[in-house]
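K.L.:
requesting a structural model of the entry that follows:
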Amino acid sequence: MRVYGFDQDGKTTNRTWYTALTPPIWPWMQECDPAAAERVAACRKAAEEIGAHLDRLSRDA
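P.N.:
The predicted structure follows:
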């Protein structure tokens, strides 16, 4: 999973975006708990759709 963050120093107008990845547990999860892996995949898909929707809305605003 990829996470996005935003940081802004209160004293400046600089803005910093950053991303991070979770540890690569996907192959282990698929092997050890396929049902959980399917739920995680569904959550990831929903989060990406919401992220795309928020991106469109913020651009329109």
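
K.L.:
contacts and neighbour counts: CA atoms only from here.
P.N.:
Will do.

K.L.:
packing partners of the longest helix seen in the chain?
P.N.:
Criterion DSSP state H: the longest helix present in the chain is helix 34-60. For helix 34-60, the elements it packs on are helix 26-32, judged by 3 or more Cα pairs under 8 Å, 6 or more residues apart in numbering; DSSP states H and E.

K.L.:
what's the average pLDDT for the helix it packs on?
P.N.:
Mean per-residue pLDDT for helix 26-32: 88.

K.L.:
what sits against the closest residue to residue 21 other than its chain neighbours?
P.N.:
Residue nearest to residue 21 in three dimensions, not counting chain neighbours: residue 2, with 4.6 Å by Cα to Cα, 6 or more residues apart in numbering. Contact criterion Cα atoms under 8 Å, 6 or more residues apart in numbering gives 19, 20, 21, 22 as the residues in contact with residue 2.

K.L.:
in terms of secondary structure, what does the helix or strand harbouring residue 16 contact?
P.N.:
Using DSSP states H and E, residue 16 falls within strand 15-21. Contacts defined by 3+ Cα pairs under 8 Å, 6+ apart place strand 15-21 against strand 2-8.
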